[in-house]
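# Here you go, sequence then predicted model.
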Amino acid sequence: MDLLRRPLLSFLLSVPVREVESAHRQESLPRDESVRSADFRGSLLIELDSVTDRLDLEKIFGRNAPLHVDLGCGDGSFLCALAERMPEKNFLGIERLLGRIRSAARKAATVGNVRLLRMESSYAVRYLLPAGSVETFYLLFPDPWPKRRHWRRRIVTGEFLRAISQALAENGRFLIATDHFDYFEKIEEIARANPDFTMASPRAGDLPLTKFQQQFRAQGAVIHWLELRKVSPVR
Ligand SMILES: C[S@@+](CC[C@H](N)C(=O)[O-])C[C@H]1O[C@@H](n2cnc3c(N)ncnc32)[C@H](O)[C@@H]1O
């Protein structure tokens with residue numbers, strides 16, 4: 001269907017990518033017809049029936065498996081490379097830019113365990129992901145908004161971290177990388193104030209490179225990594 005003839009809500013939230021249709025593996029599609037399979041068929045992009053109901057992950061992925069979520073997945077290079085390494089897990093990429101989500105959908109077309117959502121990450125984390133559903137979140141090179149007057153646009157806030165904690169399973173991980181040291185320090189400060197998390201410096205060597213990471217590496221930039229792990233509340 002022509003993109004512009006779709007209802008506005010659907011257009012804002014996700015986009016059908018017919019170009020992936022021929023490459024998409026049929027067995028990875030959800031079997032349950034109630035996930036609007038007619039719209040879903042041939043697209044890795046999740047079509048939402050409602051912006052207030054929590055995602056039905058089993059229907060979306062066609063199976064139950066630990067969920068990894070890449071927030072601001074960009075062109076999907078990292079998401080798809082990681083999903084190929086871990087076929088036993090489900091991978092959800094969330095990205096707000098149309099061009100990037102399309103690139104991600106093209107890459108994901110041959111990977112059975114990836115789904116994509118075009119949306120604001122913070123909204124999806126807070127309102128759409130079921131509580132305790134996520135094993136690992138990735139926030140890799142979030143927009144740094146370096147000018148002080150733009151800091152309020154930064155995604156990591158106390159409220160955002162509380163929503164992350166809510167969506168994480170017990171012992172779940174939140175992995176963050178940035179080349180902006182001041183943003184990194186701010187994130188550490190926000191994390192320290194949240195008793196749901198312990199902090200560690202992860203070894204990033206095991207993970208595939210993201211597109212932005214490749215660029216920053218080429219420029220010789222220092223990359224700062226932080227791993228937050230959700231801890232069980234002390235009783
Ligand atoms: C600097 S890029 C990094 C992309 C990718 N993670 C990588 O490392 O190659 C930041 C990405 O996050 C997306 N983004 C920024 N804020 C977002 C938000 N609130 N919700 C969804 N996507 C967002 C941007 O559109 C962009 O694609």
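Right, received. Where do you want to start? Numbering: from 1, shown residues only.
# what sits against the residue nearest the centre of the chain?
For the chain, the residue sitting closest to the mean C-alpha position, by CA atoms, centre = their mean, is D70 at 2.7 Å. By CB atoms under 8 Å, 6 or more residues apart in numbering, the residues touching D70 are 78-79, 82, 91-94, 138, 140. Just so you know, the C-beta spots here come from the backbone N, C-alpha and C atoms, and that holds for glycine as well.
# at 10 Å what do you get?
Going by CB atoms under 10 Å, 6 or more residues apart in numbering, D70 touches 76, 78-80, 82-83, 91-95, 104, 114, 116, 121, 136-140, 175, 210.
# which stretches of the chain have low pLDDT?
1-43, 203-204, 233-235 (pLDDT under 70).
# which residues of it fall in strands?
67-71, 90-95, 114-118, 134-140, 168-178, 197-200, 224-230 (DSSP state E).
# Let's have those strands in TSV, adding distance to the ligand.
Below are the strands of the chain laid out as TSV (distance: least, CB to the nearest ligand atom, whole Å):
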stretch	distance to the ligand
strand 67-71	7
strand 90-95	5
strand 114-118	8
strand 134-140	4
strand 168-178	8
strand 197-200	20
strand 224-230	12
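# Quick one: closest of the ones you listed to L44.
Proximity to L44 (CB to CB) singles out strand 114-118 among the strands of the chain, at 5.4 Å.
# The closest one packs against which elements?
Counting contacts by 3 or more CB pairs under 10 Å, 6 or more residues apart in numbering; DSSP states H and E, strand 114-118 packs against helix 8-13, helix 57-61, strand 67-71, helix 77-85, strand 90-95, helix 98-108.
# just these: most buried one?
strand 90-95 (a mean of 28; mean count of other CB atoms under 10 Å).
# in its sheet, what does that one sit against?
strand 67-71 (parallel), strand 114-118 (parallel) (DSSP bridges).
# Any residues of this structure in contact with the ligand? List them.
Within reach of the ligand by CB under 6 Å from any ligand atom, the chain has these residues: 72-74, 94-97, 100, 120-122, 140-143, 155, 210-213.
# Filter these down to the buried ones, ChimeraX style.
To isolate the buried members of the residues of the chain next to the ligand in ChimeraX, using 16 or more other CB atoms under 10 Å:
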select :72,73,74,94,95,100,120,121,122,140,141,142,155,210,211,212,213
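# quick one: the nearest residue to A131 once chain neighbours are set aside from the ligand, how far?
Leaving aside its chain neighbours, A131 sits nearest to Q166 (5.4 Å; criterion: CB to CB, 6 or more residues apart in numbering). In this view, Q166 and the ligand are 17 Å apart by CB to the nearest ligand atom, to the nearest Å.
# Thank you, goodbye.
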